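# quick one: sequence and predicted model below, then my questions.
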Amino acid sequence: MKTNELLKISLRQNALYIPSEFITGTTTTITGPTSVLVANVSKLGFAFSEEALQAVNAVHPTYKLEIQDTIKEVVGVNKNWTPLVKNWEIPTGESLYDHITTFFANVFKTNKGTTLACGHIIPANTFPLERYNGCPYCGTPFEFDTTKQEGQGSKMKVLELWTEKELNEFYYSLLSSKTALDATQVDSLKALLSYLPLPNEVKIGIKETMMLVIDTLIDLDKEEKASSLFTSPTDILRYLWYKKTNLLQIIEPKTIINRIASNNQHFFVAADNSAKAKLITAIDLKLKYSRKECLMVATWLNNLPLEAEKACEMMHPKRAMWVRFIRALRLPEYSKRKGFEALKTLLDVFYNQTYEVWQGKVNYFRLKSDAATTFALLQERPGLFARSLFSNMLWFGPDETIAAFEKIIDKVPARLVFTLNMYAQNYFDSNIQRSVKPLGGVNKKIGSNRLLTLYNEDQLKAMQNQIEDLCLLAMEKRFAAQKNENKTIYIDSQLFNMPVSIGDRSESIQDLPVALMGTRFPIAGNTVRLFMQWGQGLPAQHLDMDLSCHIAYANKTEICSYSQLQATGCTHSGDIRSIPNQIGTAEYINIDVNALAYAGAKYVTFTCNAYSNGSITPNLVVGWMNSKYPMTISERSGVAYDPSCVDHQVRVTQNVAKGLVFGVLDVAKREIVWLEMTFGGQVVQGLDYKGVQALLAKLSSKLNIGSLLTIKAKAQKLQIVDSLDADEVYDQKWAINAAAVTQLLVD
C-alpha cells in the first residue's frame, strides 16, 4: 500500500518512484519481464527514461507488476468506458417525437413495442434499439464492453527515476511552499505525512500547510509539539474548522449551507431538495467535542504568546464562529481551573469587547480622507496595505499612495508583490470585467471600480506603469541581495507558457502529470475528444452527470449536450442518467477543429454539470484526448477512451461544485487552455461565457515562470544561454513541481 501511494505521487510529477533497496540487480541486459512491462505501459502512453529503465530492469518482477497495476489504476483502464450509443459518431436519428411517443406508450402501458430491462416500453419505429447499449428513454445502460482502445497516442509521457532523494525533496518543497497548495498537492502531502517522518529542519511555508502538519502530529499523540506551531487564535480556529469540514480555508457556516442548498435546487419543483439539504447541512455543522479535545484546545489558547487584546482583535472578524466554538469547547469552565488564568483573561476581554479593532480605525480615517493617518496604520501591516493598494490609489491619489507603499514594500511577501504586478492591468481598465472567486463560492465576474471613471485613460495607464515599475524594481532588489556565484542560466522556452502558481486553489486532483492553471496544450491532430467517467464503486442508482461544450462565435453561441447531441463540429455520445452497479459509466464529445474553424467558431468551452440533486459526484473524472493519428470508436460498443491519447484529466474531490469548466479550446490558435472554473447551474446554459472570458484574461495576465527567471537573471547578472550545460538549468522537468517554483518568490 505504501509503495502504491508513493508511486501515484511520483506519476503526478512525471516520474517513477523506486526505493533504492528494491534495486538489487546489476545487469544491463533488458530482461524478459522488463520488455513486457515496457510494451504494456507504452500502450497506455508512458515510456521510461534511460535511467528509469535501468532501475526498473534491476527490480524484482513483483515490483514491476506493481508499477504496471498502479499505472493502469491511474489511467482508469479498469473502469467502464462504455457510452450509451454504439459507434456514436454516426447519429442515431432520434428526435423529440421519439421521446414523446415513448412517454405516452409508458403512461398508457401499451404493449406495442419492446420492453427493456428497466421496464420502459420502446414503441416500434422510434429509437433504433440496435444502436444503443441501454435504454434510450431513461438513459440506463445494460451492456458493457471490457475491451479498451490503446496505443493510438502520438506522444509518450516519459517517466524519470525517483529514489528516496527526489521523493524527500518533493516532500520538503510541499512543506515549504510559499503559496497555497492546490488539491493535488494537498492530497500528495497528506500521503507523504502518513508514510514519511516529519522533518525537523524544514520551515513550513504557509498556514494552510501547517494545518496538515498539526493534524499529523495530533494523530501521533504529539499535542505539545503541535501546540508550539500555533501563533494566533486564527490558527486554532482554522485547524478546528478543517477537522470539521475538511476545508483549509475558514469558510463561514452560512456560506457552506447556502452553497449546498443551491446545489440541491432542481428545475422540477417536485425534485427540489434544497430545503432538506439546508437542514441536514446545518445539523452536520453543529459542534460537539470530547473532554480530551476541550482540554487540548483550552491549553492551546492559554499558551498563546499574545496579549489578550491583540488575540481578541484577531478573533473579531470571525466573532460569531468563535462564540459557537467557545460554548462547544466548554472554555468558560476550563478558564476557572488553576493554571488557565490567561484563558480567563482572554474570554473576559472577548465577551466584554474591551479591545480595539485595527481595521475599524483604518476605515474611520479613510472615510475622513485622512491620508497620513490611514497610511501610517496600513504601514503597520504591509500585507493588508498591498491588498488594498489599488483602491487606495483611486481614493487618495496614486502618487501619495505609492510613496507611502514604497517605504514598506520590502516587507511585503513576494507572492503579493507579483500579484500586484499581474493584476494591475485588469484592475485599472474601466472597460473590463474581472473574474473573482468569493471564499466558498463559485467564480463570478464583477464590474470595474466606479472610482476609475474619475480618471482619464492616460492617468490609468500611468497608474499601471507605476505599479509595474515599483514591483519589478522591488523583486530585482530581492534577487540582487542573494549571493550567487553562477555566471550562466538556461531557461526552457516552454516556461514562458507556464504561469506561476499564485492564489490558484484548485479543487480537483490531477492523477496524471500535473499542469498549472493557464497551461496551454497544442492540438496535434484535427480531433479533440472530451470524456467523463463517474460512478465507479457506487451502487446502481439515478445519478445524472452531464458532459457538454459551449461553442462561442462572434455573434452567436451553440451548445452540444444531452439536449442537443449534434452541433457544428461536435458530436455527443448520448445522455446516461443512471449508473450501473460499482463499475460506473462514461460520456464523450468529439470536436472537429477544422469544421469549427470553417464555421467561424472562436472558442469551445468544456464543461460538466450535476443534473441530479447535489453537487458533482466525488471521483468523477473529466479530461480530453488528442492525437495526430486518428482516434477510433468501437463500432460494437462505442468505447472511445484511449489513455495513450489523454492530454489532461482531473478528478473531482470537493463536493461543493454544481458545474465545472475544465478547459477552453482556442480554435484559431489550435490550443487548449487548462483552467478550473466552478459555476452554478444544472445545465451548460447556466454558464456565463463572459465569466470564462474574464478568467482567461486573468490567467493571461499572470506572470509566467520564464519571465520570473528573466528578472532573476537580470538582477543577478546571469547570462541567458541556450545550452543545458549552464550553471543554472530551469527546464520543464524542474517546473512541473509548482511548490519548488515558489522558492523563487524571495522574501
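That came in fine, so what should we check first? Numbers count the residues shown, from 1 in each chain.
# pLDDT weak spots in the stretch 201-350 of the chain?
Applying pLDDT under 70 to the stretch 201-350 of the chain picks out residues 267, 269-270.
# go again using 80 as the cut-off
201-202, 262-263, 265-273 (pLDDT under 80).
# check the stretch 51-200 of the chain too.
For the stretch 51-200 of the chain (pLDDT under 80), the answer is 110-111, 146-148, 200.
# burial of His266, as a residue count?
For His266, the neighbour count with other CB atoms under 10 Å is 15. Using the backbone N, CA and C atoms, a C-beta is placed for each residue, glycine as well.
# correction: the previous question concerned Lys714.
When counting by other CB under 10 Å, one arrives at 15 neighbours for Lys714.
# same question, the one 3 residues further on
As a burial measure, Lys717 scores 10 neighbours (other CB under 10 Å).
# span of stretch 561-568 from start to end?
The first residue of stretch 561-568 is 12 Å away from its last residue (CA to CA, to the nearest Å).
# buried sites along it?
Buried residues in stretch 561-568, defined by neighbour count with 16 or more other CB atoms under 10 Å: 561-562, 565, 567.
# just flag the most distant two among those residues.
The largest distance within those, taken as CB to CB, falls between Tyr562 and Ala567 and amounts to 12.1 Å.
# circling back to that earlier point, now, the buried residues of stretch 561-568 that are in strands?
With DSSP state E as the criterion, strands contain Ala567 from among the buried residues of stretch 561-568.
# could the buried residues of stretch 561-568 be laid out in a markdown table, adding distance to Pro630?
Below are the buried residues of stretch 561-568 laid out as a markdown table (distance: CB to CB, whole Å):
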| residue | distance to Pro630 |
| --- | --- |
| Ser561 | 25 |
| Tyr562 | 26 |
| Leu565 | 22 |
| Ala567 | 21 |
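# quick check: of the buried residues of stretch 561-568, which lies closest to Lys109?
Nearest to Lys109 among the buried residues of stretch 561-568: Tyr562, at 26.5 Å, using CB to CB.
# ok, and the closest non-adjacent residue to the closest one?
In space, and not counting its chain neighbours, Tyr562 is closest to Asp575: 3.5 Å by CB to CB, 6 or more residues apart in numbering.
# now Leu744
That would be Leu708: by CB to CB, 6+ apart, it lies 5.7 Å from Leu744.
# share the number of residues neighbouring that neighbour, please.
Residues near Leu708, counting by other CB under 10 Å: 22.
# my read is that it contacts Ile502, right?
No. Between Leu708 and Ile502 there is no contact under CB atoms under 8 Å: 10.4 Å.
# any shared contact partners between these two?
Counting by CB atoms under 8 Å, 6 or more residues apart in numbering, the residues touching both Leu708 and Ile502 are Phe418.
# average pLDDT across stretch 692-706?
With pLDDT averaged residue by residue, stretch 692-706 scores 74.
# residues touching Gly663, list them.
Listed by CB under 8 Å, 6+ apart, the contact partners of Gly663 are 605-606, 624, 648, 672-675.
# remind me, longest helix of this structure?
helix 457-481 (DSSP state H).
# so what touches it?
Under CB under 8 Å, 6+ apart, the answer for helix 457-481 is 389-390, 393, 398, 402, 405-406, 409-410, 412, 414, 417-418, 420-421, 424-425, 428-430, 452, 455, 711-712, 714-716, 746-747.
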